[in-house]
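Student: Structure for this input, please:
(2 chains)
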Amino acid sequence: MEATMAGYNGHNEDNDFMHRLRHSTAHVMAEAVLQLYPQAKLAIGPAIDAGFYYDFDLGKDEQGRPKTFAPEDLAEIEKRMRQSIAAKKPFNCREVSADEARQLFQGQPSLAEEGAEHHRVLVRQALAHGLHAPVVRPGRAVVDAEDNRRVSHINRQQHGSTYLLRGCMVSSPSSPNPFSLQREKGSKAQDAFKLMNVAGAYWRGDEHNPMLQRIYGTVWQNKKQLEAYLARLEEAKKRDHRKLGKDLEIFVFDEEVGPGLPLWLPRGGVLIEELERLAKEVEDRAGYVRVRSPHLAKEDLFLHSGHLPYYAESMYPAMELEGVRYYVKPMNCPFHHKIFAARPHSYRDLPLRLAEYGTCYRYEKSGELFGLMRVRSMQMNDAHIYCAEDQFEQEFMAVIDLYLHYFKLFDIEKYVMRFSTHHKRGLGKKYIDNERLWLKTEDMVRRAMTNGGIPFVEQADEAAFYGPKIDVQVWSAIGREFTLATNQVDFAQPARFDLRFTNREGQEETPLCIHRAPLSTHERMIGFLIEHYAGNFPAWLAPEQVRVIPITDAHNEYAYRLAERLSAAHVRVEVDAGQERMNAKIRSAQLLKVPYMAVVGEQEAQNNTVSLRKRDGSRQDGMAVDAFVALVQERVATRAKEL
RNA sequence: GCCGACGUAGCUCAAUCGGCAGAGCAUCGACCUUGUAAGUCGAGGGUUGCCGGUUCAAUUCCGGCCGUCGGCUCCA
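Tutor: Residues are numbered from 1 along each chain as shown, chains lettered A, B, ... in the order given. Here you go, the predicted model:
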């Protein structure tokens, strides 16, 4: 898969040929769309990871409904694009001032239909304020201006289409056709791209705005690279946890149970138990204590915590009994705050680390659900650390160390730590309205991370409602970004719940709270691990660790004795005593990605040995049973990466 | 939630123009007694997601709902 860390890499787009090529192809597509749909209005059309997209407003149909692309239309658009690229039409660039740009588009007819005024206003604003607000006058022009000091004007001479955009699409004015640069022997420029799919997308990414039609495309240096990319996409699909989860019998969704509510099959249950065992070990060593809390509580608790004022959109609606409203919990924190408050605390008690693999329920919008990665019922590797302010940095960084410990164990290398901060405009809406504390706690996190030498990227408007956080961003097999683990500061709830401890001076003080979930939720973690390992779990995690394969039914008895021996050593083992040939039995075990296969026949039964076949296909014949049991035990006990 | 596409056996997929719903794998049974990725034969398995409409006749055409997928929005 492409390392989809774009947006975090900060590469210099202006010097990136592929970026220019992708941007250029977007505009070639826009031109093709305008030829086919002269009434279409253009919105934005940037280069993205492996290609580009372009947003269009196609106007209304006879019934007054917004017109949409049919997937078949892509073929026709592609055809026109190929012709256009093959014709090697030049791109002519020249720089114009913002004033001239404004001039160019002035006096052009305003958008005809209703709602057009809206677009036009945005165009004007964009130009006036120099915002990145690419839009168009009807039909033929696009503004893609990020700043009004450097606006380029491109004239597609063959069609007289005029676009405004940031920078030129070609490498330099002297190499006027970017497609001429991508050519290689025996490869044609027009064969190096493909339109992928159509999708709806909100204007300016705001769900309150009208929805536009977006076409995604991919473009590469040559056809070979394009084909390699498409092949990689196919490979990624094989890794998709939704497919592997089914094949490996880990989880299912049932229509009657409900969307986003996974059922864990026995093999998935094992994964959960192993993760919890791991968490318990690690947290015991790190000074956590375990608590338990119910799945629901009265409305009062969530009013108090701030969830109902700030988080109600993601909560299942209340159920009312005997005049009291109850909510299922979207988070565990209010309960842990109550546990903290259950008795008075001295500074000597702090830091107090309350851990619980709590089950939470969030009403994610239907279109947001995604296999195990985005569900409505989830079990979080949750804990809340109550500490004094001067303990904050050490505690916060101890959590970061936990992350790093886990990532090393799982060999997770591709991630970005994202420092998620508030945004002024969200104060009082999605964020607790106390700017002073926002700035203060954000500064504390920034300082702690910097002092700890942990690289991170800062992103505004991604915080929790109660404070800033460090999120660990990872990518699914098909390239979708997710927050896996999270480490959050909470300056709000301890005060709201009037949590206190007595400090050294005998005065009452409000503790800070750190919410953390280094192992994410079971759902997202396991979804991620399935893809990360492509189903090839290390022995300690593997739902079935050993499959015993008797060669004929004459060896079943020995097979069962061996299985008992392994079972007594706490190894998860199954015997395949079916009537298939040994080869077929091996094949089924391979398909289930069982790490160790113990093939037993006449020789093994006689010598008290196994013929060990590992999942990777390697073999060790005549291995003593004792040695085999010891091997498996050692690999599991040390959570070894190798088989 | 919004835009678009798709829903046929446990799984992967067929079924011409509207005319008795089919295959492979899996499951079950029998035979074979097997040496490191599929032995042979046979059987069972379906209200074609659900509800309604059009029609002599609907898996097929139309409408509504449910679910899934690709995006948008949102997120552990």
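Student: The stretch 251-400 of chain A against RNA strand B: which residues are in contact?
Tutor: Residues of the stretch 251-400 of chain A lying near RNA strand B by C-beta under 7 Å from any atom of the strand: A:253, A:255, A:258-260, A:314, A:362, A:364-371, A:373-376, A:378, A:380. Backbone N, C-alpha and C define where each C-beta goes, glycine included.
Student: actually the stretch 1-150 of chain A, sorry about that
Tutor: So far as C-beta under 7 Å from any atom of the strand goes, the stretch 1-150 of chain A lies against RNA strand B at A:66, A:68, A:70, A:71.
Student: closest point of the stretch 301-450 of chain A to RNA strand B, which residue?
Tutor: residue A:367 (2.0 Å; C-beta to the nearest atom of the strand).
Student: is it fair to say that residue lies in a strand?
Tutor: No. Note on residue A:367: no strand contains this position according to DSSP: H, G, I helix; E, B strand; the rest coil, which reports helix.
Student: Would you mind listing what in the stretch 501-643 of chain A touches RNA strand B?
Tutor: A:517, A:520-521, A:523-524, A:551-554, A:578-584, A:586-587, A:590-591, A:597, A:599, A:601-604, A:611, A:613, A:617, A:619, A:621.
Student: now residue A:461: how far from RNA strand B?
Tutor: 8 Å (C-beta to the nearest atom of the strand, to the nearest Å).
Student: what residues are up against the residue nearest to that residue when sequence neighbours are not counted?
Tutor: Leaving aside its chain neighbours, residue A:461 sits nearest to residue A:423 (3.7 Å; criterion: C-beta to C-beta, 6 or more residues apart in numbering). Residue A:423 sits next to A:431, A:460, A:461 when contact means C-beta atoms under 8 Å, 6 or more residues apart in numbering.
Student: Only the buried subset of those, as a PyMOL command please.
Tutor: A single PyMOL command selects the buried members of those (16 or more other C-beta atoms under 10 Å):
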select buried, chain A and resi 431
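Student: Now distance to residue A:477, secondary structure and pLDDT too, for the contacts of residue A:423, in a markdown table please.
Tutor: Below are those laid out as a markdown table (distance: C-beta to C-beta, whole Å; DSSP: H, G, I helix; E, B strand; the rest coil; pLDDT from 0 to 100):
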| residue | distance to residue A:477 | secondary structure | pLDDT |
| --- | --- | --- | --- |
| A:431 | 33 | strand | 93 |
| A:460 | 29 | strand | 93 |
| A:461 | 28 | coil | 93 |
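Student: who's in contact with the residue of the stretch 301-450 of chain A closest to RNA strand B?
Tutor: Going by C-beta under 8 Å, 6+ apart, the list of residues near residue A:367 is empty.
Student: Repeat that for residue A:629.
Tutor: Listed by C-beta under 8 Å, 6+ apart, the contact set of residue A:629 reads A:565, A:566, A:569, A:571.
Student: Next: residue A:263.
Tutor: Going by C-beta under 8 Å, 6+ apart, the list of residues near residue A:263 reads A:251, A:252, A:253, A:254, A:257.
Student: quick one, domains of chain A?
Tutor: A:13-233, A:245-528, A:546-637 (automatic domain parsing).
Student: and those domains as CSV, adding distance to residue A:535?
Tutor: As requested, these are arranged in CSV below (distance: least, C-beta to C-beta, whole Å):
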stretch, distance to residue A:535
domain A:13-233, 18
domain A:245-528, 5
domain A:546-637, 5
